[in-house]
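A.B. asks: Sequence plus predicted model, see below.
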Amino acid sequence: MEIRGALNKLKLELPQRVKLIVVTKTQPVNIIQEAYNEGHKVFGENKVQELVSKYEVLPKDIEWHLIGHLQSNKVKYIAPFVNLIHGVDSIKLLRAIDSEGKKTDRIINCLIQVKIASEDTKFGMSESDLRYLLNSGSINELDNVSVRGLMGMATYTGDNNIIRAEFKKLYDIFKSVKENNFKNSPNFNQLSMGMSGDYKIAVEEGSTMIRIGSLIFGERIYN
């Protein structure tokens, strides 16, 4: 089976510290079920509506990650079940997640997205805005949010030197933030960076989570 082979190949080459998040956006439920039947239970979706619809019909022991941009008014739909929200890029969004966490009696795990790419289309906080947020103490007021680490996306380019430099920058920011703001927080230990085209570089530069779709399912077909 192609999915089985792709999953096994990736898992064999990844260090134990790296979690494989299988990206299932645009994939039908039966294809996701096939990956699940091969023993993989960690999946990532970009859009809230698609994530909710798949959560409702697929096995409930799946670990769901929201890896796309999230609007504050949509947090309520995923708050009851989402395992990790990757793309948090503002205190406004953190407060919305905290509010929905209180309503569902859950502490919701989040990663703060840092903009390391040169492209305007990429989301994320600047390094200076990140440090201002962390040093302001605002996060300490959020009882139902657990900041578990950082997330970033490299520039879409064939120049591996640019990609490596951006991932290295994010790793350096991660280490600095951990030392200065989360030194006594063992749960701050995740760095989500790397996708199908650049995950090998990301792993070499310290990633603990990679987000892989097309290497497992083939190139997406958009309707």
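C.D. replies: Done, it's in. Residues are numbered from 1 along each chain as shown.

A.B. asks: Please name every helix or strand in contact with the lengthiest helix in the chain.
C.D. replies: Longest helix in the chain, counting residues (DSSP state H): helix 160-181. Other elements packing on helix 160-181 under the criterion 3 or more CB pairs under 8 Å, 6 or more residues apart in numbering; DSSP states H and E are helix 127-136, strand 145-151, strand 190-192, helix 199-204. In this view, the C-beta of every residue, glycine as well, is placed from N, C-alpha and C.

A.B. asks: can you list the ones you listed in JSON lines and add distance to Ile210, mean pLDDT and mean neighbour count?
C.D. replies: JSON lines is the format used below for those (distance: least, CB to CB, whole Å; pLDDT from 0 to 100; neighbours: other CB atoms under 10 Å):
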{"stretch": "helix 127-136", "distance to Ile210": "22", "mean pLDDT": "95", "mean neighbour count": "15"}
{"stretch": "strand 145-151", "distance to Ile210": "11", "mean pLDDT": "98", "mean neighbour count": "23"}
{"stretch": "strand 190-192", "distance to Ile210": "8", "mean pLDDT": "98", "mean neighbour count": "24"}
{"stretch": "helix 199-204", "distance to Ile210": "4", "mean pLDDT": "98", "mean neighbour count": "20"}
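
A.B. asks: Which of the helices or strands spans the residue nearest the centre of the chain?
C.D. replies: The residue lying closest to the centre of the chain (CA atoms, centre = their mean) is His86, at 3.5 Å. Assigned by DSSP states H and E, His86 belongs to strand 84-88.

A.B. asks: Thanks a lot, catch you later.
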